[in-house]
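**Student:** Fold the following, please.
(chains A and B)
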Amino acid sequence: MPFTDSILRPGRLLHDGRVRGWLAQLAIALGVLGLVWYFVDNAGQNLARSGVATGFDFMGARSGVDIDFKLIEYGPDSSYARLLLVGIANTLFVSAFGIVLATVLGFAVGIGRLSQNWLLQGFSTIYVEAVRNVPLLLFVLLWYYLVIRGLPAPRQSIDLFGAGFVNNRGVFLPSPVAGAPFYAVPAAFAAGVLATLVLRRWARARQDATGRPFPVFEAGLALVAGLPLLAAVVAALATPWNWPALRGFGVRGGVAVIPEFLALLAALGTYTAAFIAEIVRGGILSVTRGQREAAAALGLSRRQVLRLVVLPQAMRVIIPPLTSQYVNLVKNSSYAAVIAYPEIVSVFVGSALNNTGRAVEIIAITLAIYLAINVSVSLLMTWYSARTATAAR
Amino acid sequence: MSAPRIAAGPWGWMRARLFRGPVDTAITFACLYLLWLAVPPVLDWLVLSASWVGDSRDACTDGGACWVFVRVRFAQFMYGFYPEAERWRVNLAGLLVAALVALLFLPAFRGKRAVAGVLLAVAVPGIVILLSGGVLGLRPVETRDWGGLMVTVFMALYGAILAVPVSLLLALGRQSKLPVVRALSILYVEFWRGVPIIAIIFLASNLLPLIVPAGVTVDKLARALIGLALVISAYMAEVIRGGLLAIPKGQYEAARSLGLGYWTGTRLVILPQAIRIVIPSLVNEFIALFKNTTLVLIVSLFDLLGMIQSALADPKWVGLNLEGYVFAGIVFWIVCFAMSRWSQRLERRLERRPN
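**Tutor:** Numbering: from 1, shown residues only, chains lettered A, B, ... in the order given. Below you'll find the model as predicted:
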């Protein structure tokens, strides 16, 4: 009875493990609180002395910052809150495209590293080793230079089969006139997902009852990808378009994608792909040979072995680190601050901080946004791993 | 059933590894075509038509890479604006770093631990004193004159030196039975891992001067260094925690049953095993840190890449970006590739060792 013992003899209280634990925790908590209080107090005094205004009221004020690439309505007369929204939209925009590019390239290179073909394997290995050992910042700068210098001047624009132009000012594409029925696309996507889920239930029930399989994967892919595509084509045909045209030194009309976006996208995509490739390779290698052989012995075809046995097991290994690479990509999109693509860090910690001088507030908001993105992804991952854990036998 | 193909000899090898079937053959030809497309012009630009000698841009007339740029600016890429008469100090500091690295690779000998301890005790404060001066009759050199590869190495080295002890405590804290300690460790690690490094460097350079008492100034380089160390300590803590999780429970119980307390048991039983497991992953984190030091460029500090970027702003050399980037890329690649190979070797050696 060590605890009662120490109560009876207070002098030995300090030798009780639990008491010491609580005392240590109390000391640490007090120490951390004291340190935080000290920093906050210093900051308060320093701010008061320098006469800088504090508070979040600046968010409603006119920003005066002009942005040349925006997905939502914005002008220099808009507020800082609106500016932040522009930054968030641009971050998500470049990240979404970057994730698609990195995934496609990463899976291709990762599978290439396991290829029987000596040349393809060599190419993939060289790609991974060359990219992984170089700073991302160098990639961003290099791609920016290549995009700016590699693309022709506006007068020698590359014609995209009459649909638009590419030159060193960016990519110019036709834009739909306001009021285009493109809301049909997400609706079609949702319908496709729903139909696939229903189809899967039905196919399973039928296979359980009759033993006849149904190609759910192919049909689902056609529904999920095909329906939105169809909706997009219909919407595009039903819409008047604003076509870009070469005028003197520039391009008028349409929508412009700035070169900074292209450079950042290329850098994020090619860089992250090298890391994804290694994850994919590791995942496929983690499925033991016996699994393939067992599946083949059951009489499954090569395609079935891959789809029903190898991929599901490989994906369980691949998905958690893959998600963390996606999160890294979103965080790395902040490298845009170096080439002035207007995403969160660049417009907010850059322009807004310069204009207002409210460092504490602006940095706090910026960090909060990234943390929110991170927390939501990790919640999703917890849900996913809980789901796959129950599926594991 | 046909007889199995002979897979021996160069012809057999080619059939197995290059021309296995129609798809494989197509891939092989596509790769060869790519090689033919890419290699000659790249080789021509890099070496054959490149200009190597001269002292200004006018010497670059051959149409290839203008390596004259790198040659002329080489000293700056290495030392930044460090005064020329004092550069021996940087070289000496570099020698200390080299000695530390060499010690890592030497096979075990008697007293290696003591030698390493003494060298670390000398080098860690020694390099800072050598570079910044102001004592022992050394002329003070302000950090704004530092630059180039020297800053890259300095930031990476001291970032790691600051981060490793912190990350050790954090990893132990996250495994601790004490709820307050565990919560604080989790908060710290997840916070710094959740935000982009660029934002942290901005944070450090904007907020550190604010939270110290009035009159105290924090050096700009030190701010960026602290920012980098905060982030890297969180990542390293997760790596070390992985090592702690890999130690079988029996080891903890054995340590306890020997009568060892928490700290003694951790120090003598748990950590020696855990650290050995995680060293390869720690090296990978160090590689990431080494690459991330380039980000100090955004707060106008000039590491190797920053120095190149600022040299490119010079009208005399404007437009020679490719030469500059290729040079920086080669330097970073050599260092990082060597480290990653070393970490892979350590990993293989660990796998061979029976547990």
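**Student:** Please determine how far residue A:200 is located from residue A:223.
**Tutor:** Noted for residue A:200: a distance of 11 Å to residue A:223, by CB to CB, to the nearest Å. Any C-beta I mention is one placed from the backbone N, CA and C, and that applies to glycine too.
**Student:** So these two - more neighbours on which side?
**Tutor:** Set residue A:200 next to residue A:223 and count neighbours by other CB atoms under 10 Å in any protein chain shown: residue A:223 wins out with 21 against 15.
**Student:** Where does pLDDT dip in the chain?
**Tutor:** Here I'm looking at chain A. For chain A, applying pLDDT under 70 flags the ranges A:1-14, A:178-180, A:248-250, A:389-393.
**Student:** if you could check chain B rather than the one you did, that'd help
**Tutor:** B:1-7, B:353-355.
**Student:** quick one, helices of it?
**Tutor:** In chain B, the helices defined using DSSP state H lie at B:9-17, B:22-43, B:68-79, B:87-105, B:112-132, B:149-174, B:179-194, B:197-211, B:220-246, B:249-257, B:262-265, B:271-292, B:304-312, B:321-352.
**Student:** same thing with the stretch 1-150 of chain A?
**Tutor:** All helices of the stretch 1-150 of chain A, identified by DSSP state H, counting those that start in this stretch, fall at A:2-8, A:17-50, A:80-113, A:118-132, A:136-150.
**Student:** Would you tell me which of these gets closest to residue B:220?
**Tutor:** helix A:17-50 (17.1 Å; CB to CB).
**Student:** can that closest one be found next to chain B?
**Tutor:** Yes. Contact of helix A:17-50 with chain B (CB under 8 Å from any CB of the partner chain) involves A:21, A:24-26, A:28-29, A:32, A:39-40, A:42-43, A:45-47, A:49.
**Student:** Which of those are buried, as a PyMOL select command?
**Tutor:** Buried subset of the residues of helix A:17-50 next to chain B, written as a PyMOL selection, criterion 16 or more other CB atoms under 10 Å in any protein chain shown:
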select buried, chain A and resi 21+25+42+43+46+47
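**Student:** Among the residues of helix A:17-50 next to chain B, which one lies nearest to residue B:260?
**Tutor:** For the residues of helix A:17-50 next to chain B, the nearest to residue B:260 is residue A:21 (16.8 Å; CB to CB).
**Student:** Within range of chain A, give me the residues from the stretch 151-300 of chain B.
**Tutor:** Checking the stretch 151-300 of chain B against chain A by CB under 8 Å from any CB, the hits are B:177-181, B:184, B:190-191, B:193-199, B:202-203, B:206-207, B:209-214, B:287, B:291-292, B:294-295, B:297-298.
**Student:** Buried by neighbour count, from the residues you listed: which ones?
**Tutor:** B:178, B:180-181, B:184, B:190, B:193-199, B:202-203, B:206-207, B:209-211, B:287, B:291-292, B:294-295, B:297-298.
**Student:** With distance to residue B:221 as added columns, please give the helices of the stretch 1-150 of chain A in JSON lines.
**Tutor:** Below are the helices of the stretch 1-150 of chain A laid out as JSON lines (distance: least, CB to CB, whole Å):
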{"stretch": "helix A:2-8", "distance to residue B:221": "51"}
{"stretch": "helix A:17-50", "distance to residue B:221": "21"}
{"stretch": "helix A:80-113", "distance to residue B:221": "29"}
{"stretch": "helix A:118-132", "distance to residue B:221": "27"}
{"stretch": "helix A:136-150", "distance to residue B:221": "18"}
